[in-house]
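**Student:** Any chance you could fold what I've pasted below:
(chains A and B)
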Amino acid sequence: MSAFIALSKKEVQQMAREFKIFWLPIVFILLGLTQPIMMYFLPVILQSAGGIEGIIIDPTMAKPVGQEVLASTLNSQFDQLGIIILVVATMSIIQGEKANGMMAFILTRPVSISSYLNSKIIIHYILAVICIALGYAVSYGYSAYLFTSVPMTQAMWALAFYCVWLLFIITFVAMMSTFFNSPAFIALISIVSLLCCRFIAGLHPLIDVVNPASNSMYATNILMSGDVGSWVGINIVVTLLLVVLMIVTMQSFIEKKKF
Amino acid sequence: MRLEIKNITKKFKQKTAVNDFSMVIDASECVGLIGPNGAGKSTLIQIIADILNADKGEILLDGQKISSMRNQIGYLPQYPNFFSWMTAFETLSFMGTLSGIAKNELQKEIPVLLEKVGLGNEAHSHVGTFSGGMKQRLGIAQALLHKPALMIMDEPVSALDPIGRREVLDLLKEIKQETTVLISTHILSDAEEICERFVMIKNGHKIEDATKSELLKRHQESAIFLMIRKADSQWLTMIEHLPYVKKIEGCGDGFKIHVENLETDANRLIQHGLDSKVMFTKFEVGIQDNLEEIFLELVV
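**Tutor:** I've put the predicted structure just below:
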């Protein structure tokens, strides 16, 4: 246990020294900011950019409600650019220490592989949750200010679902980082697979049950309609099982000393 | 701590790095693992440090599997790599906590240890600013921190300049008083200075395992080295025909006389020389190769 705490503390220190603890939240705050402002000023932007000949902007157009804005923050900011940024920020989580020999070195001490892996995943997950929460909070505030306000519980539920998806993202990147040695390849394969997961969410109910990205879809659904499908529980369980499976895989991979 | 290495074999794809290697190191021995580059030293060291898994064989420390005895082992990698953003103090404190040492004990121990390895003034500098020798010394401090019973060091001095080498060697001499030490190196004079026993490895095989005196004795030539004045050089042509003289060869300023039986023939030769009124300026019985030569003989 003390090894786990020492390793976690080291992760936090490292993040602070690399300024990741500062720039990553800022990036997500900006991302959260973008969506409400973009949606609010879109008609103005279109108008002033010219080229609206033939396009009529309906002055009676219904203003989107806060829920819609918040939902589109999740699925068109966080789920696209957000994933890419998160992957790039976490891609060398294990690969870096594998490459410079620090992992092997740390494991010569009486440290279990699971506490090594868990400390990394948990700390990076906490940072990711903080970033997303900050970005989401800013988006929430601006939607309330520029559009309509969203009930707090609804917003919190959506965030909670999104955090399940987030756990899958971090663990998946960590697994790729364990398997492969090239950061570029890790980033590429993680981004492609995660975005694919997100795109196929909602395609077929059967796929949705096993697709971790459905959690992100549920988050959107809660905001849009206040209602989620009946398979939610199973999907969360499946996602958590996948996470555990990935951690076990990483553990046995390192144990067999294939790094 | 008694370290037993039993029939270790390790293959990387087609190449066999270590082949059926066995040896036993007794407590408080200091053993040098010597071999040319690519002989399998580092692989073997990494297997002992439990970084690599052996394909076959096992390693026991006091009869127990090495993976359960990690706290008894201090390991110094060939190129110790630390987090460059940590200070020397933080590095030791981090590694110490991983070894399960209590915080207040670390607070006490670390300054003493840093002083011992000569980094007392650098305790709060970042490791990223350290030179190779300083990193090596920090690596040694790290390996000593939890007071291991066995120290394994992979080429501890090969990458250092003469001053750094001297410092580290002196440090090692001190360490080996209390600890069992296994050092791998390809620089013989370093091993010669601190180790009593040498294990030579080539292409993954153990080719020699002996103490220094055994090695020297085994590789002694039955030859006499002598130097005489120029004026007496015709004496050499005389002794060439003696029955017990096998060969004469020039060697530096003197001559190497190969004989059949070293002791008796040396007496006969010196008597012969004195009878012929030869003035010897140097007369040495039994020419010993130095370890370097033995090493070359064995591995090439």
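**Student:** in chain B, which spans are helices?
**Tutor:** B:41-48, B:88-98, B:103-116, B:132-144, B:162-175, B:188-194, B:212-218, B:234-239, B:262-275, B:291-299 (DSSP state H).
**Student:** Select, out of these, the one closest to A:Thr90.
**Tutor:** A:Thr90 lies closest to helix B:88-98 among those, at 21.5 Å (Cβ to Cβ). For glycine as for every other residue, the C-beta is placed from the backbone atoms N, C-alpha and C.
**Student:** quick check: angle from that closest one to helix B:132-144?
**Tutor:** Angle, helix B:88-98 to helix B:132-144, by axes from the mean of the first three to the mean of the last three Cα atoms, to 10 degrees: 30 degrees.
**Student:** and helix B:88-98, what does it pack onto?
**Tutor:** In terms of contacts (3 or more Cβ pairs under 8 Å, 6 or more residues apart in numbering or on different chains; DSSP states H and E), helix B:88-98 is packed against helix A:2-17, helix B:103-116, helix B:132-144.
**Student:** if you set the cut-off to 6 Å instead, what comes out?
**Tutor:** helix A:2-17, helix B:103-116 (3 or more Cβ pairs under 6 Å, 6 or more residues apart in numbering or on different chains; DSSP states H and E).
**Student:** Just the element for A:Ser115, please.
**Tutor:** helix A:113-146 (DSSP states H and E).
**Student:** and the gap between B:Ile175 and chain A?
**Tutor:** Distance from B:Ile175 to chain A, counting by Cβ to the nearest Cβ, to the nearest Å: 18 Å.
**Student:** Now do the closest residue to A:Met224 other than its chain neighbours: how many residues are near it, please.
**Tutor:** Sequence neighbours aside, A:Ala71 is the residue nearest to A:Met224 in space, at 5.4 Å (criterion: Cβ to Cβ, 6 or more residues apart in numbering or on different chains). A count of nearby residues for A:Ala71, using other Cβ atoms under 10 Å in any protein chain shown, gives 23.
**Student:** What number of residues are in the vicinity of the residue in the stretch 51-200 of chain A positioned nearest to chain B?
**Tutor:** Of all residues in the stretch 51-200 of chain A, A:Arg109 sits closest to chain B, at 4.1 Å by Cβ to the nearest Cβ. A:Arg109 is flanked by 23 other residues according to other Cβ under 10 Å.
**Student:** go on, the one 10 residues further on?
**Tutor:** A:Ser119 has 21 neighbouring residues, counting by other Cβ under 10 Å.
**Student:** same deal with A:Thr148?
**Tutor:** The burial count for A:Thr148: 14, using other Cβ under 10 Å.
**Student:** go on, the one 10 residues further on?
**Tutor:** With neighbours defined by other Cβ under 10 Å, the count for A:Ala158 comes to 27.
**Student:** How about residue 146, nearest residue that isn't a chain neighbour?
**Tutor:** Answering for chain A, as no chain was given. By the measure of Cβ to Cβ, 6+ apart, the closest residue to A:Leu146 outside its immediate chain neighbours is A:Tyr40, 4.5 Å from it.
**Student:** other chain: chain B
**Tutor:** B:Ser99 (4.0 Å).
**Student:** The one you found against B:Lys147, yeah?
**Tutor:** No - if you go by Cβ atoms under 6 Å, B:Ser99 and B:Lys147 don't touch, sitting 9.5 Å apart.
**Student:** Could you point out which residue ranges in chain A have low pLDDT?
**Tutor:** A:50-57, A:59-60, A:258-259 (pLDDT under 70).
**Student:** What parts of chain A come near chain B?
**Tutor:** A:3, A:6, A:10, A:17, A:100-102, A:104, A:108-111, A:257 (Cβ under 6 Å from any Cβ of the partner chain).
**Student:** Let's see that with 8 Å instead.
**Tutor:** When proximity is defined by Cβ under 8 Å from any Cβ of the partner chain, chain A lies next to chain B at A:2-3, A:6-7, A:10, A:13-14, A:17-18, A:100-102, A:104-111, A:256-257.
**Student:** tally of neighbours for the closest residue to chain A within the stretch 151-300 of chain B?
**Tutor:** In the stretch 151-300 of chain B, the residue found nearest to chain A is B:Ile152; the distance is 9.3 Å by Cβ to the nearest Cβ. For B:Ile152, the neighbour count with other Cβ under 10 Å is 26.
**Student:** so where do the strands sit in chain A?
**Tutor:** In chain A, no strands are defined using DSSP state E.
**Student:** Any of the residues of chain A next to chain B buried? List them.
**Tutor:** A:3, A:6-7, A:10, A:13-14, A:101, A:104-111 (16 or more other Cβ atoms under 10 Å in any protein chain shown).
**Student:** for A:Leu117, what are its contacts?
**Tutor:** For A:Leu117, the contacting residues are A:Ile94, A:Ala174, A:Ile247, A:Met250, A:Gln251, A:Ile254, by Cβ atoms under 8 Å, 6 or more residues apart in numbering or on different chains.
**Student:** what number of residues lie near A:Leu70?
**Tutor:** Neighbours around A:Leu70, by other Cβ under 10 Å: 28.
**Student:** Contacts for stretch B:88-105 next, please.
**Tutor:** Identification of contacts with stretch B:88-105 by Cβ under 8 Å, 6+ apart yields A:2-3, A:6-7, A:10, A:106, A:109-111, B:71, B:82-83, B:86, B:106, B:109-111, B:113-114, B:119, B:122-125, B:127, B:130, B:138, B:141-142, B:145-146.
**Student:** Filter these down to just the buried residues.
**Tutor:** Using 16+ other Cβ under 10 Å, the buried members of the contacts of stretch B:88-105 are A:3, A:6-7, A:10, A:106, A:109-111, B:82-83, B:86, B:106, B:109-110, B:113-114, B:119, B:122, B:127, B:130, B:138, B:141-142, B:145-146.
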